[in-house]
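*Asks:* next input, structure requested:
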Amino acid sequence: MENNDYSAQNIQVLKGLEPVRKRPGMYIGSTGPDGLHHLVYEVVDNSIDEALAGFCSSIQVVLEKDNVVVVTDDGRGIPVSMHAGENVSALELVMTRLHAGGKFDKKSYKVSGGLHGVGVSVVNALSEWCEAEVHVDGAVHRQRYQRGVPDGPTAQIGVTSRTGTVIRFKPDDQIFETTVFTFDTLSNRLRELAFLNKGISIVIEDLRLPTPKRHDFKFDGGVREFVQFLNKNKTTINKEPVYFEGERDGVMVEVAIEYNDGYNESMFSFVNNINTREGGTHLIGFKSALTRTLNDFMKRNGKLSKKLDENLSGDDVREGLTAVVSVKVPEPQFEGQTKAKLGNSEVKGIVESIVNEELTTYFDKNPQEIAAILDKAVMAAKAREAARRARDLTRRKSFLESTGLPGKLADCSEKDPRKCEVYIVEGDSAGGSAKQGRDRTFQAILPLWGKMLNVEKTRMDKVLSNDKLQPIISALGASAGNEFDVSRLRYHRVIIMADADVDGSHIRTLLLTFFFRYMRELVEKGHVYIAMPPLYKVSFGREIHYAFNDAERDRIVREMNVADEKVSIQRYKGLGEMNPDQLWETTMDPDTRRIMQVQLEDGVEAESVFTTLMGEHVAPRREFIEENALAVSNLDV
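*Replies:* As a prediction, the model looks like this:
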């Protein structure tokens, strides 16, 4: 019989950095690639805090062989003197204790991103080894750690003529699923930080490659240049971005906006350099000030105001808007450790008043620009009304058709969305095989036919009335655009299943563009997947294998250990060539299939790529293809 005694001896106290190694996800989000890269961000954030305090102008990140990372700055350096209360050096305290740092009393740092005081100590705890080297008061001090435990006390190892901190670490493969850093992921975040902190030089270098790769970032224009970067492949309405900054009650506000001739809004908000993906009070303040200001100017414009019976909505004034809103708040209140949403109520009023005043002043001086922006907003309002009518028509149709589901949809019997998945299948023949091969309990099939609409070049009213997209919107049941509600989603796995050829890639790209632009939360919440059908069927007698690329095909043939001429290799040109049993076994059976989850890791980069690949301008697309041509695999020619 089990001993079910529960006493004081069962209570564990985790000391020092033990809690971090025991539950790393609580501190860095995950032990996958996101958590791994988060280690670098935590160290860099300390250097950025030095820059915000006015003591650092240069940060360098180097990826060495074996995925060792070195972060160097020219700040004041972490203090190395003995801490009176703890009887160890301040450096050891910062590196080995949670909630030990200089960001709580607001004397050393008025503003910082490392609110929780766990940053660099967490990096130390989750590293196989870590070294901290501090240049301060003419001397170099160093301390080394093994999985968060110091090898010895802080020691002086030399003299120096500079100041700053060098953190060198190797992530622990006992903790992380992978310890391989992605250069582009780090580079994109560092570029973002350079935009948000004008004048700071940030360099990233990759020494793991035969030919080292290096990116240098320094933007004296700050968020003004950020907006220009986001709009680089778009036709803009403003001659120059509208840029202003202000400070009130210790809160610093920096805003840049620029309109383009597209139909999508692209807004990025930051608090103390942290990307608040879910917005918050600063973004609410910005949106309400923008809507009110443009409506005030609308009332002054007699010609345009006659074209509308009502005020412009927030969606109308934000069509084609690219904006970056960056605030620095002394005591930010975030929702959770992920810091995705700002909660300080006072920030809304501060941002609102500064944006209102500055925009009014700017548009008073630039009447032609405000006229062009208002003209676009009025067209957006008319399109919104047309979209509303299209929605109403769809809803009336749904009511008359009783189920409201598209005719070609083969639905599943399970009613719990968490257990359900829908395959969006290219072509009627593949759709027919999928319908026969599926598990009807939890798998629904929606065949697509004909050419898809490129929504990057289309307004909302055209999207809603499009006969290729309407069935998708109806089948998913969560609407689209600003009315999209992920809680109403009928299937928690939306799987795109297309041929492994150029046409299939095009359909996948068109669908992903639609989801990104009109159902973005679907992607953000991880509901979108791509089916990976095999390229080859390799058989010998009754022995059958499936290969997903050329290397796998060759490996299977070698392992069969029979003469090559006796092995039958069939290359699938399309999903329609598979019978229902084969399609189930290779692409639909949860136990044997391969599917790839689509994740939105970098909103800025995704925005740029969709605009480049699917937008109006040909030159940037050609440039993108030329730059990435050598990275293509499974080219269909």
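*Asks:* show me the contacts for Lys376.
*Replies:* Neighbouring residues of Lys376 by C-beta atoms under 8 Å, 6 or more residues apart in numbering: 237, 259, 261, 319-320. (Glycine included, C-beta is placed from N, CA and C.)
*Asks:* what about it, distance to Cys412?
*Replies:* Using C-beta to C-beta, to the nearest Å, we find Lys376 at a distance of 43 Å from Cys412.
*Asks:* that older thread, closest to Gly432 among the contacts of Lys376?
*Replies:* Set against Gly432, the nearest of the contacts of Lys376 by C-beta to C-beta is Glu319 (40.5 Å).
*Asks:* and stretch 406-424, C-alpha only, in PDB?
*Replies:* C-alpha atoms of stretch 406-424 as PDB (Å, rounded to 0.1, in the frame of the first residue of the first chain):
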ATOM      1  CA  PRO A 406     -21.000  26.000 -47.500                       C
ATOM      2  CA  GLY A 407     -22.400  23.300 -49.700                       C
ATOM      3  CA  LYS A 408     -19.000  21.700 -50.500                       C
ATOM      4  CA  LEU A 409     -18.100  21.400 -46.900                       C
ATOM      5  CA  ALA A 410     -18.100  17.800 -45.600                       C
ATOM      6  CA  ASP A 411     -18.500  18.400 -41.900                       C
ATOM      7  CA  CYS A 412     -17.500  16.200 -38.900                       C
ATOM      8  CA  SER A 413     -19.800  14.800 -36.300                       C
ATOM      9  CA  GLU A 414     -17.800  16.000 -33.200                       C
ATOM     10  CA  LYS A 415     -19.100  19.300 -31.900                       C
ATOM     11  CA  ASP A 416     -16.200  20.300 -29.500                       C
ATOM     12  CA  PRO A 417     -14.000  22.700 -31.600                       C
ATOM     13  CA  ARG A 418     -10.900  21.700 -29.600                       C
ATOM     14  CA  LYS A 419     -11.200  18.100 -31.000                       C
ATOM     15  CA  CYS A 420     -12.100  19.100 -34.600                       C
ATOM     16  CA  GLU A 421      -9.900  19.900 -37.600                       C
ATOM     17  CA  VAL A 422     -10.800  21.100 -41.100                       C
ATOM     18  CA  TYR A 423      -8.700  20.300 -44.200                       C
ATOM     19  CA  ILE A 424      -8.800  23.100 -46.800                       C
END
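*Asks:* what residues does that stretch touch?
*Replies:* 405, 431, 434-435, 438, 440-448, 470-472, 474-476, 489-497, 511, 531, 588.
*Asks:* and the buried ones among these, selectable in PyMOL?
*Replies:* Restricted to buried positions by 16 or more other C-beta atoms under 10 Å, the PyMOL selection for these reads:
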select buried, resi 405+431+434+435+438+442+443+444+445+446+447+448+470+471+472+474+475+476+489+490+491+492+493+494+495+496+497+511+531+588
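*Asks:* SS state for Gly262?
*Replies:* Secondary structure for Gly262, judged by DSSP: H, G, I helix; E, B strand; the rest coil, is coil.
*Asks:* residues contacting it?
*Replies:* Neighbour list for Gly262: 234, 320, 456, 611, 615 [criterion: C-beta under 8 Å, 6+ apart].
*Asks:* identify, from those, the entry nearest to Pro24.
*Replies:* Thr611 (36.0 Å).
*Asks:* list the helices and strands the helix or strand of the chain with the lowest mean pLDDT packs on?
*Replies:* Least confident helix or strand, the chain: helix 302-305 with a mean of 76, by mean pLDDT, DSSP states H and E. If contacts are counted by 3 or more C-beta pairs under 8 Å, 6 or more residues apart in numbering; DSSP states H and E, helix 302-305 sits against helix 281-300, helix 367-400.
*Asks:* give me the distance from the first one to the chain's centre.
*Replies:* Counting by C-alpha atoms, centre = their mean, to the nearest Å, helix 281-300 is centred 27 Å from the centre of its parent chain.
*Asks:* counting by contacts, list what that helix packs against.
*Replies:* strand 251-259, strand 266-271, helix 302-305, helix 314-317, strand 321-328, helix 345-365, helix 367-400.
*Asks:* kindly calculate the angle that that helix makes with strand 251-259.
*Replies:* Between the axis of helix 281-300 and that of strand 251-259 there is an angle of 50 degrees, by axes from the mean of the first three to the mean of the last three C-alpha atoms, to 10 degrees.
*Asks:* any buried residues in helix 281-300, and which?
*Replies:* For helix 281-300, by 16+ other C-beta under 10 Å, it's 281-295, 297-298.
*Asks:* can you check stretch 196-209 too?
*Replies:* Neighbour-count burial for stretch 196-209 [16+ other C-beta under 10 Å]: 196-198, 200-206, 208.
*Asks:* hang on, the earlier thing: report the buried members of the contacts of Lys376.
*Replies:* 237, 259, 319-320.
*Asks:* of all the residues you listed, which two lie farthest apart?
*Replies:* Greatest spacing in those, by C-beta to C-beta: Ile237 and Glu319 (10.9 Å).
*Asks:* which strand residues bridge Ile204?
*Replies:* Beta-bridge pairing of Ile204 under DSSP bridges involves Val61, His215.
*Asks:* my read: it touches Val61, true?
*Replies:* Yes - at 4.6 Å, Ile204 and Val61 qualify as touching, with contact defined as C-beta atoms under 8 Å.
*Asks:* what touches both of the two?
*Replies:* In contact with both Ile204 and Val61: 186, 190, using C-beta under 8 Å, 6+ apart.
*Asks:* got the domain boundaries for this structure?
*Replies:* 18-217, 223-384, 405-533+597-608, 535-569 (automatic domain parsing).
*Asks:* how many residues are close by the closest residue to Lys468 other than its chain neighbours?
*Replies:* Nearest non-adjacent residue to Lys468, counting by C-beta to C-beta, 6 or more residues apart in numbering: Met452, 5.4 Å away. Met452 has 20 neighbours, counted by other C-beta atoms under 10 Å.
*Asks:* doesn't Met452 fall inside a helix?
*Replies:* No - under the criterion used here (three-state DSSP), Met452 is coil, not part of a helix.
*Asks:* how about stretch 585-601: buried residues?
*Replies:* Judged by neighbour count (16+ other C-beta under 10 Å), stretch 585-601 contains these buried residues: 585-588, 593, 595, 598, 600.
*Asks:* do stretch 419-437 as well
*Replies:* 420-427, 430-435, 437.
*Asks:* can you check stretch 560-570 too?
*Replies:* Per 16+ other C-beta under 10 Å, stretch 560-570 contains these buried residues: 560, 567.
*Asks:* list the residues that contact Glu177.
*Replies:* Applying C-beta under 8 Å, 6+ apart, we find Glu177 in contact with 31-33.
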